[in-house]
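>>> Predicted model and sequence follow; I will ask about them next.
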Amino acid sequence: MLSIAAFLEGRYAQAFPSFGSERMGAPVMAFCRISDRPIRLREPVTNPDALIIQDPTLLQQVSLFEGLQPDGFVLINSARSLEELNLASFLKNLPRNHTLAVPATELAMRHVGRPLPNSTLLGGFAAMTGELRLASVLAAIRQKFSGKIGESNAAAAQAAYDLVTQCMPIPPLDSLTRRTREEAHVEAD
């Protein structure tokens, strides 16, 4: 849905999953590249500009933050604070407003009725980074899910967007859209 939102804004995007193991319940990584120019790369993202972590139980994996750009963004699905997650000291080197925990599962339960934080996190990502407009994210969600399911997922994304906007006293000074990089790389677990 992240790549669809970028397409809706007239940008180039590429999204693909990476499955480590063929067993049920194994961690899955997905990658997304967004650019204003055609994307020629066809390989996994090794130095992401942003991480969206859907499953907070993966936080203790040693290589989770490896390669993250020094001015990167980290959005974590958790009702616990970064301090409670024991991440404050590690993430302190990232710029102000570039790390945030959002209770995406709880918001999804409230709006969707199921613990599916995907769409919810996209709303938070849009607010945190400024990379995509909320309207594009909501349109992508409604393209993916029709009717009541689409509307409830859009409501969850809107709730996360509003929550992140309230949590951030100032907008990110160097949001991905204002960077001089050719493309933004997003990695999600």
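Yep, it's here.
>>> Go ahead and confirm Ser81 touches Leu100.
No: the criterion here is C-beta atoms under 8 Å, and Ser81 misses it with Leu100 at 9.8 Å. For every residue, glycine as well, the C-beta is placed using N, CA and C.
>>> Tell me which of these two has more neighbours.
Legend: neighbour count by other C-beta atoms under 10 Å for Ser81 and Leu100, higher for Leu100 (21 against 11).
>>> any idea which element the most centrally placed residue in the chain lies in?
Relative to the mean C-alpha position of the chain, the nearest C-alpha, by C-alpha atoms, centre = their mean, is the one of Ile52, at 3.8 Å. Assigned by DSSP states H and E, Ile52 belongs to strand 50-53.
>>> elements contacting that strand?
strand 73-77, helix 118-129, strand 183-188 (3 or more C-beta pairs under 8 Å, 6 or more residues apart in numbering; DSSP states H and E).
>>> Listing request: residues of this structure with sub-threshold pLDDT.
19-26, 62, 169-189 (pLDDT under 70).
>>> And the strands in it?
Secondary structure of the chain, counting by DSSP state E: strands at 12-19, 28-35, 50-53, 73-77, 99-102, 183-188.
>>> Export those strands as TSV, with columns for distance to Pro115.
Listed next are these as TSV, based on distance: least, C-beta to C-beta, whole Å:
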stretch	distance to Pro115
strand 12-19	20
strand 28-35	16
strand 50-53	15
strand 73-77	10
strand 99-102	14
strand 183-188	17
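>>> In stretch 103-120, which residues are buried?
If you call a residue buried by 16 or more other C-beta atoms under 10 Å, then stretch 103-120 has these buried ones: 103-109, 111-112, 117-120.
>>> how far does it stretch from start to finish?
For stretch 103-120, the first-to-last residue distance is 9 Å (C-alpha to C-alpha, to the nearest Å).
>>> Could you list the residues in contact with that stretch?
Contacts of stretch 103-120 with the rest of the structure, by C-beta atoms under 8 Å, 6 or more residues apart in numbering, involve 1, 54, 77-79, 102, 121, 124, 141, 145, 149, 152-157, 159-160, 163.
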